[in-house]
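Colleague: Below: sequence and its predicted model.
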Amino acid sequence: MSASILEVLRDRHLAQVAGEARRAGCPRRVFLLSPANVSGVRGKMVAHEKAKFELAVRLREQGLPLGELFSFISGLYFRGKMAYARAFGEISSSTPGAYVITAGRGLIPPETVVTQNELRKLSAVPIDHRDARFRRPLERDARLLVEMIGADCEVVLLGSIATPKYVEPLLGVFGERLLFPSEFAGRGDMSRGGLMLRCARENVPLTYVPVATAERHGPRPPKLPKSVRSQARQTIFSAAKV
């Protein structure tokens, strides 16, 4: 590709659309979603030439939206990020409220269709801030995103801040504008995924704090309490046994 996806979006004047949304008083928040591990077991499974399950066949024959593909590969964690970003990320009706951090292709809207060959290319680049193949496209697209969203849009990282792999390149571009859900500290991936799914379902946003000054490590928080829906199911189940 001679131009990144973000460059194409910019060339279509979506920055102007975002400006119109800002004047209309629309919520302005964009989420950056950390990627799935495409080199893991599920990534290899869906990319296998002889895989016969529906998702693998679609990937081979026509490609898949990146968000759907990563939701399969990563499971609960990425599904939670997708649900949360859809619930709370909005710039305008024409401008994506979320972008996926990728290996070697910078920031990509989750609706972007990727092919089996493109998935293989993603698996060939390590997610490492010290590797220019990962870092340069990410920094390039982060700078383009700054141009698109303006000064009053929140940028929220839905991913780990315990290591520098995302934080160092993104902080260099966004500075203190880069935010992070404080409730993530101390939680594992599965717990974060469950928390985001619940927040999206119940329409309750998390608390955002600047990554630059956030507590990046912390004691493991208690398990999530059962949701109202889970409690209701348990009550029905208990009543049925009586």
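Modeller: That came in fine, so what should we check first?

Colleague: Buried residues, the helix or strand encompassing residue 165. List them.
Modeller: Using DSSP states H and E, residue 165 falls within helix 164-174. Across helix 164-174, burial judged by 16 or more other CB atoms under 10 Å covers 165, 166, 167, 169, 170, 171, 173, 174. C-betas here are computed from N, CA, C, even on glycine.

Colleague: angle of the longest helix along the chain against helix 164-174?
Modeller: Across the chain, the longest stretch assigned as helix under DSSP state H is helix 132-149. Per axes from the mean of the first three to the mean of the last three CA atoms, to 10 degrees, the angle that helix 132-149 makes with helix 164-174 is 40 degrees.

Colleague: could you say what helices and strands helix 132-149 packs with?
Modeller: When contacts are defined as 3 or more CB pairs under 8 Å, 6 or more residues apart in numbering; DSSP states H and E, helix 132-149 sits against helix 5-11, helix 14-23, strand 98-101, strand 107-108, helix 164-174.

Colleague: can you list contacts of stretch 52-71?
Modeller: 35-36, 45-49, 51, 72, 78-79, 82, 100, 102, 108-116, 118-119 (CB atoms under 8 Å, 6 or more residues apart in numbering).

Colleague: For stretch 153-173, which outside residues touch it?
Modeller: Against stretch 153-173 from outside (CB under 8 Å, 6+ apart): 18, 22, 28-34, 81, 84-85, 89, 91, 101, 127-129, 135, 138-139, 142-143, 145-146, 149, 174, 177-181, 184, 196, 208, 211-212, 214, 216-217.

Colleague: Try it again at 7 Å.
Modeller: Applying CB atoms under 7 Å, 6 or more residues apart in numbering, the contact partners of stretch 153-173 are 28-34, 81, 84-85, 91, 101, 127-129, 135, 138-139, 142-143, 146, 174, 177-180, 208, 211-212, 214, 216-217.

Colleague: Select only the buried ones of those residues in ChimeraX?
Modeller: Remark: buried members of the contacts of stretch 153-173, expressed as a ChimeraX selection using 16+ other CB under 10 Å:
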select :28,29,30,31,32,33,34,81,84,85,91,101,127,129,135,138,139,142,146,174,177,178,179,180,208,211,214
